[in-house]
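**Q** Give me the fold of what follows.
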Amino acid sequence: MEVITQCEAVLANQQFLYSLLAGLYRNEVSQSSWDELSKLAFPRECPVPVLSEGYRQLEAYFKRPGRDPITDLAVDYARVFLGAGIAEGTAAYPYASVYTSAERLMMQEARDRALAMYTERQLARSAEFDVPEDHLSLELEFACRLAEDAKLALSRGDLAAAVTALQAQENFLTQEVLPWLPRFCEDVERYSQTQFYKAVAKITGACVALHAGVLQDMIADLGTVAA
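**A** Below is the predicted model of the structure:
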C-alpha cells in the first residue's frame with residue numbers, strides 16, 4: 001500500500017539522519033567522517049525554513065572549510081560540548097539532565113528515565129562510549145532503534161506493532177527530547193565558533209520537531225489503513 005511505502009521511506013530517512021547526527025555529537029569529526037560528510041547531497045527544499053537554512057549553512061561550510069577543518073572542528077567540539085578551556089556557563093553540554101534540572105547537573109531524573117526506557121527495549125550503551133544515558137547521541141540512537149522497530153513491523157505487515165513503535169518514538173521525542181533540545185541547540189549556535197556546528201544544531205532542532213509531527217501523521221494514517 002502507498003501509505004505503508006511512504007512510512008517506510010520516512011523512517012529510513014529518519015534513521016539515516018539521526019544516525020549521522022548521533023555520530024557528530026558522539027565524537028569529533030575524523031578525516032574519514034569528513035570525507036564522507038563532504039560527499040553528501042543536501043536537500044534543496046525543506047518544509048521548515050530553519051531546516052533549509054541549516055542545510056545551506058552546512059553546504060556553504062564545505063565549500064570554504066578553511067585550511068585545516070579537522071583541527072578547527074576538534075577545537076570547536078571540545079569547546080562547545082566538553083567545555084574545554086572556557087569559562088563556566090559558556091558550553092552546550094549535550095545531556096538532558098543539564099537542561100532539565102534546576103541546578104543544571106548531570107545524572108538527574110532525565111538520565112534515570114532514559115536508562116529505564118533503554119532497559120525496557122533491552123538496549124545498553126557501548127562500553128566504549130562511557131557517558132550518562134541522557135547524552136543526546138544516545139537519545140538519537142534510541143530514536144533510530146524505535147524507527148527500525150516500526151519499519152520491521154511494517155515489512156511483515158504487522159500494523160499494530162508498527163503503530164506501537166511509532167507511538168513510543170513520538171512519546172520519547174516529545175516528552176524526553178524536545179523539552180530541552182531547543183535550548184541546547186541555541187547554546188550550540190551561541191558558543192560554536194565554526195559554521196559547521198551552528199548548522200548541525202539548526203538541523204538537529206528542526207528535524208526532531210518536524211519528525212515528532214510527522215510521526216503523529218503516520219500513526220493516524222496507519223490507524224486508518226488498519227481500520
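
**Q** Show me the shaky parts of the protein.
**A** Applying pLDDT under 70 to the chain flags the ranges 1, 85-89, 125-127, 226-227.

**Q** try 90
**A** Along the chain, the parts satisfying pLDDT under 90 run over 1-3, 41-48, 83-90, 102-105, 121-131, 223-227.

**Q** Would you state the strands of the chain in chain order?
**A** Counting by DSSP state E, the chain has no strands at all.

**Q** quick check: longest helix of it.
**A** Longest helix in the chain by number of residues (criterion: DSSP state H): helix 195-226.

**Q** Return the distance of it from the chain's centre.
**A** How far helix 195-226 lies from its chain's middle: 10 Å, per Cα atoms, centre = their mean, to the nearest Å.

**Q** Does that helix pack against any helices or strands, and if so which?
**A** Helix 195-226 sits against helix 2-26, helix 49-63, helix 69-82, helix 159-172, helix 181-191, with contacts defined as 3 or more Cβ pairs under 8 Å, 6 or more residues apart in numbering; DSSP states H and E. Glycine gets a C-beta too; all of them are placed from N, C-alpha and C.

**Q** hmm, 6 Å instead?
**A** Secondary-structure packing of helix 195-226 (3 or more Cβ pairs under 6 Å, 6 or more residues apart in numbering; DSSP states H and E): helix 2-26, helix 49-63, helix 159-172, helix 181-191.

**Q** what angle sits between the third one and helix 2-26?
**A** Spelled out, that is helix 159-172. Going by axes from the mean of the first three to the mean of the last three Cα atoms, to 10 degrees, helix 159-172 is angled at 40 degrees with respect to helix 2-26.

**Q** again, but for the last one
**A** Helix 181-191 runs at 40 degrees relative to helix 2-26, counting by the same axes, to 10 degrees.

**Q** could I have helix 181-191 exported to CSV, CA atoms only?
**A** Extracted in CSV, the C-alpha atoms of helix 181-191 (Å, rounded to 0.1, in the frame of the first residue of the first chain):
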residue,chain,number,x,y,z
LEU,A,181,16.7,20.2,22.7
PRO,A,182,15.8,23.8,21.5
ARG,A,183,17.7,25.4,24.4
PHE,A,184,20.7,23.1,23.8
CYS,A,185,20.7,23.9,20.1
GLU,A,186,20.5,27.6,20.8
ASP,A,187,23.6,27.2,23.1
VAL,A,188,25.5,25.4,20.4
GLU,A,189,24.8,28.2,17.9
ARG,A,190,25.7,30.8,20.5
TYR,A,191,29.0,29.2,21.6
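
**Q** what angle do that helix and helix 195-226 make?
**A** Relative orientation of helix 181-191 and helix 195-226, computed by the same axes, to 10 degrees: 160 degrees.

**Q** What lies in contact with helix 181-191?
**A** With Cβ atoms under 6 Å, 6 or more residues apart in numbering as the test, helix 181-191 has contacts from V80, T90, A92, Y99, Y197, K198, A201, T204, G205, V208.

**Q** what distance separates the start and the end of stretch 83-97?
**A** One end of stretch 83-97 sits 16 Å from the other (Cα to Cα, to the nearest Å).

**Q** Revised request: answer the last question for stretch 110-130.
**A** Using Cα to Cα, one end of stretch 110-130 lies 17 Å from the other.

**Q** tally of neighbours for G66?
**A** Neighbour count for G66, taken as other Cβ atoms under 10 Å: 10.
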